[in-house]
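**Student:** sequence plus the predicted model coming up.
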Amino acid sequence: MERQPSSHHYRLCLTSCCLFAVGLLLTAKSFASSDIPQQIIELLNKQQISEAYVLAEAKQNELEGEADFDLAFGLAAKATDNCNLAVYALERVVQVQPQTVSARFALATCYYELGNLAAAEVEFNHLALQKMSPEMQNVVEQNIRAIERRQSNDNSGWHNTLQLGLGQDSNPNNGIENEFITVPLLGQVKLFEQSQAISSSFYDLNAQFSYVAPLTQTSRWYTSLGASYTGYSEELAQSKSNFNAIVGYTGKLAGKDVGTRVFYRPLWLDGESFLDYYGLIIEAGQAVFSQSSIGGELTLGRLDYADFTELSRDQLWFNLWFETPTFAGLSRFSLKLGDEQSQESQMDFNSRQLLGAGYSFTQQLSSRWYYKLSADYLKAEYAEDHPLFAQTREDKFMQLVVDLHYQWRADWLLTAQMSVVDNRSNLALYDYNRSNLWIGARYQF
């Protein structure tokens, strides 16, 4: 069995690495504003840790915000096990001096000790791309492996969430702006109020229960059950109830990450069954270049409409993606291809081919804050003329979503979301736009 070093010895090694790196930096230049940072570093080098932190704390109000002092303060606070104070100073250093190895290393280890593995992983991965001594490179690689082990262990067992949110939706029914449309066979037709754009405030409730069971160090199976409800203040806005069930497996095959899962996602509108969506997903991915990965996902699905069975169709969907670190964050590019076919030939006007692209960017702003920006484009071309409009339908769907997250406590996540949707169609009945503002809180247990 591999012998694990004590936590005290581990912290001492990490602190020594930080001091070694910052020592090289400080010998290369002098501090213009004050020699206080140098004094703090010298005290730390002499293992006079308490004295170093007392001096740093005494000068905090005077020198806070100067990169050299923030670095020294962060190292002193970390050495005295005050990582919760160190991260703020170290985050400022990394923001203004992103190539400073010592600051990023200390920040990464603070995130790790505070249990913020996602933030620690981001920082260690950035460090792995930078030039540093072989000793520090080895420590960085050890930490990355340690994070992977902890994430693997932490992911086993039950993972449950309860979420409550409030928001404003400009068009919950995906209705159009006009009250009348022109149908070639019928002339001008007045739409039902539910088919017109209406704005409404709303609330939503969501519960998710997941269980993960490791099979080996690199494989596991999992299952998930969830339900959600969205209710609107406007009577004409249709309430939405969703249920989802998933059973899946992930593992390694020939050095590649592979997985498969079956899913079932029914939807009810105003309490009445509307759609059953179910199928199989197969996925694979692998690392390429440095800290980047590429993969694909194949979906074989079926959409069954309860009251409009003639609109039901089979779905074939492929998503190719590439993920890479960029601008102190993580970018994901995707290319999407799809084909949906009606089983009845007389309903081929509902069959369609889809081509799209997507981009998302996620960045950790601090130990508690992170955000995600995503943009998607999807073009749909239908197979035959629509029977009402005597014209083949073509849609162009565009969506922009911004999510801002705040980890309030270990088991509480606060989120704000803004989304904008624009669906442009050559058939007036399907031309709509929609915007949504939402805030919510999620409890994880």
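**Tutor:** Perfect, thanks for sending it.
**Student:** can you report how many residues neighbour Leu300?
**Tutor:** Neighbourhood size, Leu300 [other CB atoms under 10 Å]: 13. Yep, even glycine has a C-beta here, placed from its N, CA and C like the rest.
**Student:** let me know the next secondary structure element after the helix or strand containing it.
**Tutor:** Leu300 belongs to strand 292-305 when assigned by DSSP states H and E. Moving toward the C-terminus from strand 292-305, the next helix or strand (DSSP H and E) is strand 313-326.
**Student:** tell me how far that next one is from the chain's mean position?
**Tutor:** 15 Å (CA atoms, centre = their mean, to the nearest Å).
**Student:** cool, and stretch 98-112?
**Tutor:** 22 Å.
**Student:** cool, stretch 379-395 as well?
**Tutor:** 35 Å.
**Student:** start and end of that stretch, how far apart?
**Tutor:** Using CA to CA, to the nearest Å, one end of stretch 379-395 lies 6 Å from the other.
**Student:** rounded mean pLDDT for that stretch, please.
**Tutor:** The average pLDDT for stretch 379-395 rounds to 93.
**Student:** which residues touch the strand holding Leu300?
**Tutor:** 257, 274-288, 311-325, 340 (CB atoms under 8 Å, 6 or more residues apart in numbering).
**Student:** and it, what's buried?
**Tutor:** Residues of strand 292-305 classed as buried: Ile294, Gly295, Glu297, Thr299, Gly301, Leu303, Tyr305 (neighbour count, 16 or more other CB atoms under 10 Å).
**Student:** rebuild those residues as CSV, extending it with pLDDT and distance to Gln417.
**Tutor:** Formatted as CSV, those follow (pLDDT from 0 to 100; distance: CB to CB, whole Å):
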residue, pLDDT, distance to Gln417
Ile294, 96, 28
Gly295, 97, 26
Glu297, 98, 24
Thr299, 98, 25
Gly301, 98, 26
Leu303, 96, 26
Tyr305, 94, 28
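**Student:** for those, which one is nearest Ser435?
**Tutor:** Leu303 (26.1 Å; CB to CB).
**Student:** and that closest one, what are its bridge partners?
**Tutor:** Under DSSP bridges, the beta-bridge partners of Leu303 are Tyr277, Arg313.
**Student:** repeat that for Ala375.
**Tutor:** Tyr359, Leu400.
**Student:** per-residue pLDDT, it?
**Tutor:** For Ala375, the pLDDT comes out at 98.
**Student:** mind listing what it touches?
**Tutor:** By CB under 8 Å, 6+ apart, the contact list for Ala375 reads Gly358, Tyr359, Ser360, Met398, Gln399, Leu400, Val401.
**Student:** list just the nearest of those to Val96.
**Tutor:** Using CB to CB, the contacts of Ala375 come closest to Val96 at Ser360, 26.5 Å.
**Student:** hmm, the closest one is touching Lys372, no?
**Tutor:** Yes - between Ser360 and Lys372 there is a contact under CB atoms under 8 Å: 6.3 Å.
**Student:** which of the helices or strands spans Phe209?
**Tutor:** Short version, using DSSP H and E: Phe209 is in strand 200-214.
**Student:** contacts for that strand?
**Tutor:** Residues from elsewhere that reach strand 200-214 (CB under 8 Å, 6+ apart): 152, 155-169, 172, 220-234, 237, 438, 440.
**Student:** can you give me the helices for the stretch 101-250 of the chain?
**Tutor:** 101-114, 117-128, 134-154 (DSSP state H, counting those that start in this stretch).
**Student:** what angle sits between the first one and helix 117-128?
**Tutor:** This means helix 101-114. Orientation of helix 101-114 against helix 117-128 (axes from the mean of the first three to the mean of the last three CA atoms, to 10 degrees) gives an angle of 160 degrees.
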